[in-house]
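Peer 1: Provided below are the primary sequence and the corresponding predicted coordinates.
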Amino acid sequence: MSAPAGRRHVSVDGRRVCHRVDGDGPPVLLLHGIGRTLRDFTELHELLAERFRVHSVDLPGYGGSLPMARPCTLPALGEFAAHYLDAVGVDRPAHVVGNSLGGAVAMRLAASDPARVASLTLVNSAGFGREVTIALRLLALRPLGRLLLRPTRWAARRAERSLFHDPAFATAERVAHALAVARQPYAARVMLETARSLGTFRGVSPQWREELLAEVERLDVPTLVVWGDRDLILPAAHLDAARSRLPGARTHLFADCGHMPQIECAEEFHRLLVGFWAEAGAGAAAPPEDAAAGDPGDRPAVAGTG
């Protein structure tokens, strides 16, 4: 699959990686979820590029990026994120934003190399609970998992529809893109490797979650955790777990929103994010005058517990 307009390739650990880079200013790294691509951050990428140097990247084995030479696990993805920043010459702490699996990758990067991370933004992130959609839990079952990943237009449409509260966002263009991604020769293998390394049919495994959250709890990194209240992939109740485990984090719940607030609530999310960076004093540009600070009950933007 060739890189669409605005996207290009870079070599990371000797493997071709598809990414998009725009804008000038403090660096931002956007990380997508399992089975997804940098396309999920198009709206936010373009809004942020007005003031930031924004990097969106296809994780290895997804979209236009070739798989790694080793299995696609969370530790491997965390190392990839660090190596990507090296490959593109980011030599100062970056604001790291991760959706779903990308949130866990962002936390893994911060825990392993906190000097690389100016702030963490976790968007409907994996890592805060066992519960996850049955569609992902079934991937742990052999040989059912591979059968479920057979690329069909019906499956692509169903998957896209599950991501949004408003069905209008599951456009024909998104469905076509998802189908093209699923038809990549390595897509099913990488998806299964990733899913099976993170959980079983019973849900997301507790061991890696507990170990990772214990590491993140000790960090002194400004953290924002957001969720959509109608998420069908990872339930919004996980936001309560995030508040408990990361009491220094700022949190926000988007109303009438699914698994991808960065798409379904793009402008509201952008205002919240830029305001958080400015208030956290993490080297961000000043927010616009109409920047929303979120709901009155949201916690103030402060560094995570040390």
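Peer 2: Structure's in. What do you need?
Peer 1: residue boundaries of the strands in the stretch 51-200 of the chain?
Peer 2: 53-57, 94-99, 117-123, 199-200 (DSSP state E, counting those that start in this stretch).
Peer 1: Ok, which of those comes nearest residue 169?
Peer 2: Judged by Cβ to Cβ, the one of these that comes nearest to residue 169 is strand 94-99, at 14.2 Å. In short, each C-beta sits where N, CA and C put it, glycine included.
Peer 1: So for that closest one, mean pLDDT?
Peer 2: Summarised as a single mean, pLDDT over strand 94-99 is 98.
Peer 1: Stretch 72-90 too?
Peer 2: 97.
Peer 1: List the buried residues for that stretch?
Peer 2: 72-74, 76-82, 84-85, 87-88, 90 (16 or more other Cβ atoms under 10 Å).
Peer 1: quick one: which of these is nearest to residue 143?
Peer 2: Nearest to residue 143 among those, counting by Cβ to Cβ, is residue 72 at 19.1 Å.
Peer 1: OK, contacts around that closest one?
Peer 2: Residues in contact with residue 72 (Cβ atoms under 8 Å, 6 or more residues apart in numbering) are 59, 60, 61, 190, 193, 194, 197.
Peer 1: now, which of the residues you listed lie within helices?
Peer 2: Among those, the ones falling in helices (DSSP state H) are 190, 193, 194, 197.
Peer 1: For the lowest-mean-pLDDT helix or strand in the chain, which outside residues touch it?
Peer 2: The weakest-scoring helix or strand in the chain, judged by mean pLDDT, DSSP states H and E, is helix 144-148 (a mean of 76). For helix 144-148, contacts defined as Cβ under 8 Å, 6+ apart pick out 135, 138, 139, 155, 188, 192, 195, 196.
Peer 1: Got a quick PyMOL command for the buried subset of those?
Peer 2: Buried members of these can be picked out in PyMOL with the line below, counting by 16+ other Cβ under 10 Å:
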select buried, resi 135+139+155+188+192+195+196
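Peer 1: Can you add distance to residue 129 and pLDDT and give the contacts of helix 144-148 back as a markdown table?
Peer 2: Converted to a markdown table, those look like this (distance: Cβ to Cβ, whole Å; pLDDT from 0 to 100):
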| residue | distance to residue 129 | pLDDT |
| --- | --- | --- |
| 135 | 17 | 81 |
| 138 | 18 | 78 |
| 139 | 18 | 75 |
| 155 | 26 | 91 |
| 188 | 26 | 92 |
| 192 | 22 | 90 |
| 195 | 16 | 91 |
| 196 | 19 | 91 |
